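Visitor: Let's see this in three dimensions:
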Amino acid sequence: MSEVTVSPEVFLAMGREVLAKQPFSVLIGAELASLSPGRCELHVPVSDAVKQQHGFVHGGVLSYAADNALTYAGGTALRVPVVTSEFKINYLRPAIGDRLIARASAVHTGKTQAVCRCDVFVVQDSEEKLCAVAQGTIAALPAAPA
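Guide: A predicted model of the protein is given here:
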């Protein structure tokens, strides 16, 4: 069986179609900036709607960005439908700025799972500051029964 390949533009468009089907992603304005096998960059604009009471981006939104970027990285590495099996996140500093950038990559890919890591940055005055790091295991969904 030959492997099907698509252009980077088509690959990114397919990823954006998936993101558009996620109501929460649409709600917070998440954008898939880049996607390639085993790599993802996801952006989230910072608005009052994603902040907590102290004016920082809510930790749940940082986790969302990391989780989604990890899953894209793992899914594109495995090249099958996937879900997050587990992940952990370390918050390093309050996210104060205009935009979140989550950059994830697969560091090991097996037959049924990929271990991925993600750095989450906040952009303020065109400067990126690392605000969280995450690592997760992305698992292939079992094949649907025939």
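Visitor: for the chain, longest strand please?
Guide: Secondary structure of the chain per DSSP state E: the longest strand is strand 127-140.
Visitor: ok, and for that strand, which residues are buried?
Guide: Residues of strand 127-140 classed as buried: 131-132, 134-140 (neighbour count, 16 or more other C-beta atoms under 10 Å). For the C-beta atoms, the positions are set from N, CA and C on the backbone; glycine is no exception.
Visitor: what does stretch 87-104 give?
Guide: Using 16+ other C-beta under 10 Å as the test for burial, stretch 87-104 gives 87, 89, 94-95, 97, 99-104.
Visitor: ditto for stretch 109-125
Guide: Buried residues in stretch 109-125, defined by neighbour count with 16+ other C-beta under 10 Å: 109, 113-123.
Visitor: among those residues, which two are most distant?
Guide: 113 and 123 (31.5 Å; C-beta to C-beta).
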